[in-house]
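Student: model the following, please.
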Amino acid sequence: MDRLGINPGVLLANIINFAIVAVLLWALVWKPMVKALETRRERIAKGLEDARAAEQAKANAERDAQKLIDERRREANKLVEEARGTADLQGKGVLDEARREAEAIRTKARQEAIEERNAILAEVRTQVAQISIAAAERVVGQSLDENKAKGIVTDFFTALPKEAKKLGDTVEVTSALTLSGDEQSKIKSQLGASNVTFKVDPSILGGVILRAGDQVVDGSVRSRLSNLAGQMM
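Tutor: Residues are numbered from 1 along each chain as shown. As a prediction, the model looks like this:
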């Protein structure tokens, strides 16, 4: 090895130094990095699982509401058919009365379905808030102020887009979840409109959509995700 200009002692020392550096890199860099990546993967998987659970809860709410409406519709149609069979004997008034009763049943069914859906969505909102706070605490590795965390979640569902100005006196506000009385009052104050109505559409995911006549201001999470996807293509 001397003929090749290689000093055995230096070579051995370099090998030992390399081994020491390799062990240190494994213990101090590679192993913690692998652990961090695994923790992140588990966190992402948990977030996806929680999102699927929330989406399933919303789907169940919609399905139960539709089932209730269908049941009431069948009852109403049965009343109309029964009245139609006896209308010749008792006169047109019987059929008209049955139709009025059928419409009353339909109206009640729709209202019950809306109330039931809103109750379920309110529960989903609580779950989403708890999941979001827990996820944020995991990311930063420390407990968050509960009021501040809830404020962030509230803004996610109620924040108005910047374009929400001078839309007129009559505005319809669509949100992903049922808004509380305080949240509705805050939005009314921000809009400055005298006639503000509220509706719920879980498919917009978050944010709000404002409609004033032919003017539509879409500040929903669904719209933002769609725009983002379009920019990435």
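Student: wait, Val221 sits on Gly206?
Tutor: Yes. Between Val221 and Gly206 there is a contact under Cβ atoms under 8 Å: 3.7 Å. Where C-beta positions appear, they are placed from N, C-alpha and C, glycine not excepted.
Student: now the common contact residues for those two.
Tutor: Phe156, Ala176 (Cβ atoms under 8 Å, 6 or more residues apart in numbering).
Student: domain map for this protein?
Tutor: Split into domains by automatic domain parsing, the chain comes to 8-144, 157-232.
Student: which of the ones you listed has the lowest average pLDDT?
Tutor: Of all those, mean pLDDT reaches its minimum on domain 8-144 (a mean of 64).
Student: between Val221 and Gly206, who's got more neighbours?
Tutor: Neighbour totals were compared for Val221 and Gly206, and Gly206 leads with 21 against 15 (other Cβ atoms under 10 Å).
Student: any idea how far that one is from Ala159?
Tutor: For Gly206, the distance to Ala159 equals 9 Å [Cβ to Cβ, to the nearest Å].
Student: swap in Ile209?
Tutor: With Cβ to Cβ as the criterion, Ile209 and Ala159 are 12 Å apart.
Student: so who does the nearest residue to Ser220 once chain neighbours are set aside touch?
Tutor: Nearest non-adjacent residue to Ser220, counting by Cβ to Cβ, 6 or more residues apart in numbering: Ile204, 3.8 Å away. By Cβ under 8 Å, 6+ apart, Ile204 lies in contact with Thr174, Ser175, Ala176, Ser220, Val221, Arg222, Ser223.
Student: give me that answer again for 10 Å
Tutor: When contacts are counted by Cβ atoms under 10 Å, 6 or more residues apart in numbering, Ile204 is found next to Phe157, Thr174, Ser175, Ala176, Leu177, Asp218, Gly219, Ser220, Val221, Arg222, Ser223.
Student: what residues does Gly213 make contact with?
Tutor: Contacts of Gly213 (Cβ under 10 Å, 6+ apart): Leu167, Gly168, Thr170, Val171, Glu172.
Student: just to revisit the earlier point, which neighbours do Gly206 and Ala159 have in common?
Tutor: Common neighbours of Gly206 and Ala159 (Cβ under 10 Å, 6+ apart) are Gly219.
Student: list phi and psi for Val217.
Tutor: Main-chain torsions, Val217, degrees, to the nearest 10: phi -120, psi 110.
Student: quick check: phi and psi at the closest residue to it other than its chain neighbours.
Tutor: Excluding its sequence neighbours, the residue lying closest to Val217 (Cβ to Cβ, 6+ apart) is Leu210, at 4.3 Å. The phi and psi torsions at Leu210 (degrees, to the nearest 10) take the values phi -110, psi 130.
Student: swap in Thr178?
Tutor: phi -60, psi 130.
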